[in-house]
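In: Based on what follows, work out the 3D shape:
(2 chains)
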There are 2 protein chains.
Amino acid sequence: MSDPGYDTEPWRLRWSGLAVDQLHRTESTFALSNGHLGLRGSLDEGEPVGLPGTYLNGFYEEHALPYAEAGYGYPEAGQTVVNVTDGKIIRLLVEDEPLDMRYGKAHAHHRTLDFRAGVLSRETEWESPTGRRVLVRSQRLVSFTQRAVAAIRYEVVPVHDEMQLVLQSDLLANEPIESETHDPRVAQALRSPLVGEFHWSQDRRAVLIHRTRESGLRMAAAMDHEIAANDGLRTDIACEDDLARVTIAADIPAGETLRVTKYLGYGWSAKRSAPALRAQVEAALAGALQTGWEGLLAEQRAFLDDFWDAADVEIDGDDELQQAVRLGLFHILQAGARGESRAIPGKGLTGPGYDGHAFWDTETFVLPVLTYTMPDAARDALRWRHSTLPLARDRAQVLGKAGAAFPWRSINGQECSAYWPAGTAAFHVSADIADATARYHAATLDTDFDREEGTELLVETARLWASLGHDDPHDGFRIDGVTGPDEYTAIADNNVYTNLMAQKNLLEAADACERNPEVGKRLEVTARETQRWRDMAERMHVPYDELLQVHPQSEGFTEHEEWDFENTPDDHYPLLLNYPYFDLYRKQVVKQADLVLALHLRGDAFTLEQKARDFAYYEARTVRDSSLSAGTQSVIAAECGHLDLAYDYLAEAALTDLHDLHGNVRNGLHMASLAGAWQAVVAGLGGMRDHSGALTFAPRLPSALHRVAFRMSFRGSRIQVEIEPTQAHYHLVSGDPVPTAHHGEPIEIGPTRLTIPIPPTPDYPTPTPPPGREPRRSTHILDTGAATPSTPA
Amino acid sequence: MSDPGYDTEPWRLRWSGLAVDQLHRTESTFALSNGHLGLRGSLDEGEPVGLPGTYLNGFYEEHALPYAEAGYGYPEAGQTVVNVTDGKIIRLLVEDEPLDMRYGKAHAHHRTLDFRAGVLSRETEWESPTGRRVLVRSQRLVSFTQRAVAAIRYEVVPVHDEMQLVLQSDLLANEPIESETHDPRVAQALRSPLVGEFHWSQDRRAVLIHRTRESGLRMAAAMDHEIAANDGLRTDIACEDDLARVTIAADIPAGETLRVTKYLGYGWSAKRSAPALRAQVEAALAGALQTGWEGLLAEQRAFLDDFWDAADVEIDGDDELQQAVRLGLFHILQAGARGESRAIPGKGLTGPGYDGHAFWDTETFVLPVLTYTMPDAARDALRWRHSTLPLARDRAQVLGKAGAAFPWRSINGQECSAYWPAGTAAFHVSADIADATARYHAATLDTDFDREEGTELLVETARLWASLGHDDPHDGFRIDGVTGPDEYTAIADNNVYTNLMAQKNLLEAADACERNPEVGKRLEVTARETQRWRDMAERMHVPYDELLQVHPQSEGFTEHEEWDFENTPDDHYPLLLNYPYFDLYRKQVVKQADLVLALHLRGDAFTLEQKARDFAYYEARTVRDSSLSAGTQSVIAAECGHLDLAYDYLAEAALTDLHDLHGNVRNGLHMASLAGAWQAVVAGLGGMRDHSGALTFAPRLPSALHRVAFRMSFRGSRIQVEIEPTQAHYHLVSGDPVPTAHHGEPIEIGPTRLTIPIPPTPDYPTPTPPPGREPRRSTHILDTGAATPSTPA
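Out: Predicted coordinates:
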């Protein structure tokens, strides 16, 4: 067998060979999900395993948050995603030997995630320690079309001799997992989070129902099986609180196949009774059985065909990047497709990282992708935010503010951040939600949403800003003491990003009320209030450093001490693990795009000249200890004409998880980084902007690529943009013509392919990242200490 | 019996009557201590009790500090003062009825703390529920001259009939106490903190030795007794791990006295063995027995006579204030007299408040008092800081800084603050220590200290500032991201107080190195380094608001939103219990003097005109939720000519504990507030300043007072300053003449009483505190919502 690692293929992610010490990586990249149910990509037989994981979106356990020094308004309860009943497990005994990849010999072992089929498959030719040889094939899917359903087809073929094969197909609750927490209370809460309430089995079907100890949520998991084999089959079923097991024993001749199809149904509820939940999961099984395995495969492919028709990105000239960008889109789809009334967590449903919480990442990085590729999923995510408005209003009230203050991190909408300078103070999350709301509306003209949810989201967030800021005789409308996107500065005055996003929020809210006067009336918005919002937006203070001719990230930032990069060893990154917050906060070191993110999302507030100066300034001070950074830096590098730098950052964003650049892919994929890669392609190389709801492009290609093409949805139309070195092509895939602009020139994208030359690239000197923090597409570059931006192999 | 409350007497604090619900107050005000050993003023019989407490300075238990979100450099261990073995308890059985003030009838009950005798006495005439009547007199002292020793004389006289009296005199370890902590780990640590190691008894003497579970400190307590009574006496002694008890039974005829004198010896060590500690406490007992009760009383009085000769403050025209100021001086003396190589905690040894930690309060408020009244005690407190330099250097290193970073709160010198924005970031503590060091040196010219400890303290703190600040092209030498004295603003740039104190620190360090070149050499201070310090001091940035013509407390402060005082209900103070930090930090609301403290301690950096403007500005925004504020506001009010306001703040500072203005005197006295009252008299009404080591005065009297006189020590001389409405008198009590100034005119204080007229008072408009936050001398004023500054009854 060759060295393990991913093969480079345009439409599949494939890992050949077994590397037990790398399982945690592939379990995340091979995770399947539809946004409601998530299964990590662990081996069918359960072990060896990096980190087992089965997740239901929104299903969490609660635990007290400890404070050595408490404070008013500190959140009291934390939430942590629960590893629910595992239905993936199918164990195999070959004669009397359990298939365990750590023993015996694997003559072949391939795992493949197919982006068009939506199926994870596995092919293993295994020889037991005593020389018995079997071929195992499995296929696993989490259905996009039947959100409560997953299914596994498992096949075993004895290679040389007839063999007795025993399969044990499980539902297993309270699976032991290693916890990385240092808080004994959290560890305790997660050690055995599920309390058995009901178990039942009959024939080849079983149901387990559990509830969590503290949060009091109830879940059900059910399985059923179809078995195809010769006649000597014996099956058995057993069931107890935490385990249901169907056992299948058969003598299978050489070359013949024992085939089992396992259907899984999942559901949870905070309110519904155990009988109701049981009915729900059994109904899901009934639907799945009726559709059947082939039917599920077909539905899955049809769903994905439609998605790729709307969303595909082609990259010619860098095969690894092509694969990575498609993988990223596939995982974003998986995270958002069927989340419906639930959040899209920072890791999707691919791992327990960030305790399963959702952050502003969703609205700022993930939702733009969904807005332009699968708008209904973006709408559903915003509907979840809307459903948490009562909690956000309560939070604002506790904080003495008006409107709604959305949480920094949460599963159910309640603030769970125990460190207020980087949680509560990061009010920009509310503006980010407003921004996503306005973007979704502009990109879809979805008037139902605008009336039912959008306007209210905009109004309540605008009210927050109106009560957070104040008019000052010195310098207009200020927003003081808040934390912007950069987590290496906190509790600062007039964070430019926050102020500009709040400005937009205030204006969007006023516009929405004028668009929907009946909603404004219901929310008791007066003409005076909207006028006040417009006045505040008008007078919004944006600090500027006249001496350096750049925008300070926040008041005083450019007067702070420079970080001593020369004396910061490579192994001292991420800095927050090696330097105290107080010193990070008071110096000019930036964890992630903040002012640069403002250059993107509020690019309408800056000239190109100013963007180039600001970008150069922050580029030299941004260490990208956060995976949220590279995509945005790529977008602005591209706009300022630094196309090779933009390309390098695109690669970093896209390959973050495939190459485990942050060393924590074990805990799940970085959805925002994958989304950042899409942004780097579409908003970076494609120059797509949507200021004030107007869609525009300014495409340019880096020297390493021959061609980039991407598809997007806009107001019901689907378009394709292709970028070549000297020209761009636009055409309408379906729907009505789309008016837009190419490098500032108005055009209309219609059915006829439009070809337009690309104007010369702006010629600003290429800025440099801090020493040692150059963009990287693999961990390799940092290891060797190479200090120049990489170009592709 | 009359209503309970303190009688107003010039040299004693006396409480007549028993009020069980007020015991927690008197236990603190009646606490006895010598800085090494502290006994709360609980009743001899142990119950009823508010909060029992016996403390050994520096003796603490350790517990883990919990963090829901951990961070680099966060302190891991907390420290909490331990209620050690209680030796105060003497229980009385009258016939078969225990004396318990909650039952039967008290015909008389007086407790009196005598400031000149240094003795707490109690006189009770009690009638048991069945009508038996006894007179109980007790006197208790903690020796100033024999620091390990306390003694109690306990006398019982049957009033009408012969009675059988049984006395039980205890040493009791692990006394049950209520804990106010919400952290189960802290509560656990304090539930039964002492592990018995050794117990021994013989005749009338017993020794108990314990050690703490986590911190591993060892303590010993010993008692011995002298008994005077008729012949039919029977004594018994018993001893176990947590209890030693001498029992004395006697039939006492009516009118005769059963008298027991109990001697207590205490000691603790982190290193010494149990036998060594036993020897130490038995040696203390031997010394005490040899001196005898009368001898201890005489030593105590002689010690106090000397103290009052050096330190007395006379206030004519406000008897309550007279008493309160003397009580304050007495308690400051008790906190500092024999602390020797230990800290002076924020509560002294009067209660468990602030976990027994020492803060910057000691150096900034308490040490100036001691420096000018009992300079050796100030020296010892600074020697303690010096002894913790290795820990402070380690802390600086963890924080990536040079020199020494002293802790925000600690018992043993290790940082224990779990909330870094108000702990680690409050670097000014190191400048405060430097300031106290320089003050002590200037006031004593103690060259030994300067050489052995002082210069090193100055150098290591100067190095901290040199590494914390930086030179910036915009505006000189800046110190960013720190927290000043005001705890309602945190992590701000260029806190004026911090920058000015650091400036002084840098210059004092350079001067000290020039004074002590051999020390400079040992510390590897080069001429270049001292020059650098002088340059930094020279270029130190002090922000100024040109528009408002005031100094912002820190960068941007005056641009922040005003606090909405009109809509802040009275019961929402202290604000930190009712509003989130984020909102306090971002608004113009001040917990305690910060810029105003700079106006005092760095008054040389401001004109009087500027002080008046700054004071008026901050006065309107300072809520005094901290007891550290009133004294300083009094000092600057006086300087700016607002003498009645100065007087009101003086009263508030002095009466904080007597009237329990902060509602927490149960946990101990506010040493800094008591010291603030002294400052209000001496630096406020007396106008005493010591900028650059030069002692000057500018006395003025508020209309409510006829005369104020105070004594001070300066460079071995003792002087007295008397203030009358139109003139001041100065004279030398002992020592060499003292050159000084009176309202800017140089004078020399010699043996002849010098009388000088007082110039007219500056005439700035009197500023107003925030509505509802006027100075108050009792809780009454706030309760009635009265909104005008009080004048005395």
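
In: Every contact and neighbour count from this point should use C-alpha atoms.
Out: Noted.

In: which parts of the stretch 51-200 of chain A sit against chain B?
Out: By the rule CA under 8 Å from any CA of the partner chain, the part of the stretch 51-200 of chain A lying against chain B is A:65-69, A:71-73, A:183.

In: mind redoing it with 7 Å?
Out: Within the stretch 51-200 of chain A, the residues that sit near chain B (CA under 7 Å from any CA of the partner chain) are A:65-69, A:72-73.

In: List buried residues within those.
Out: A:65-68, A:73 (16 or more other CA atoms under 10 Å in any protein chain shown).

In: hey, what's A:Asp86 bridged with?
Out: A:Leu172 (DSSP bridges).

In: Identify the residues contacting it.
Out: A:54, A:171-173 (CA atoms under 7 Å, 6 or more residues apart in numbering or on different chains).

In: in chain A, what spans have low per-residue confidence?
Out: Residue ranges of chain A with pLDDT under 70: A:1-4, A:179-189, A:230, A:779-793.

In: Which helix in it has the most residues?
Out: Counting by DSSP state H, the longest helix found in chain A is helix A:274-311.

In: Packing partners of that helix?
Out: strand A:218-228, strand A:258-269, strand A:707-714 (3 or more CA pairs under 7 Å, 6 or more residues apart in numbering or on different chains; DSSP states H and E).

In: can you tell me how far the nearest residue to A:Val134 once chain neighbours are set aside sits from chain B?
Out: Spatial nearest neighbour of A:Val134, excluding adjacent residues (CA to CA, 6 or more residues apart in numbering or on different chains): A:Pro158 at 4.4 Å. Distance from A:Pro158 to chain B, counting by CA to the nearest CA, to the nearest Å: 52 Å.

In: next one: A:Asp309
Out: In terms of CA to the nearest CA, A:Asp309 sits 43 Å off from chain B.

In: got it, and A:Arg259?
Out: For A:Arg259 relative to chain B (CA to the nearest CA), the value is 48 Å.

In: How many neighbouring residues does that residue have?
Out: A:Arg259 is flanked by 19 other residues according to other CA atoms under 10 Å in any protein chain shown.

In: Could I get the contacting residues of it?
Out: A:Arg259 neighbours (CA under 7 Å, 6+ apart): A:154-156, A:227-229.

In: which of those residues count as buried?
Out: A:154-156, A:227.

In: From these, pick the one nearest A:His24.
Out: Nearest to A:His24 out of the buried ones among the contacts of A:Arg259 is A:Tyr154 (CA to CA; 22.2 Å).

In: where along the stretch 451-600 of chain A do the strands fall?
Out: Ranges of strands within the stretch 451-600 of chain A are A:470-472, A:476-478, A:561-562, A:587-588, based on DSSP state E, counting those that start in this stretch.

In: Save the ones you listed as TSV, and put in distance to B:Arg338 too.
Out: As requested, these are arranged in TSV below (distance: least, CA to CA, whole Å):
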stretch	distance to B:Arg338
strand A:470-472	53
strand A:476-478	53
strand A:561-562	44
strand A:587-588	44
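
In: can you redo those as JSON lines with distance to chain B and mean neighbour count?
Out: Formatted as JSON lines, those follow (distance: least, CA to the nearest CA, whole Å; neighbours: other CA atoms under 10 Å in any protein chain shown):
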{"stretch": "strand A:470-472", "distance to chain B": "6", "mean neighbour count": "17"}
{"stretch": "strand A:476-478", "distance to chain B": "8", "mean neighbour count": "22"}
{"stretch": "strand A:561-562", "distance to chain B": "6", "mean neighbour count": "18"}
{"stretch": "strand A:587-588", "distance to chain B": "8", "mean neighbour count": "22"}
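
In: Which one, of the ones you listed, ends up nearest to A:Gln553?
Out: Closest to A:Gln553 of the strands of the stretch 451-600 of chain A, according to CA to CA: strand A:587-588, at 9.4 Å.
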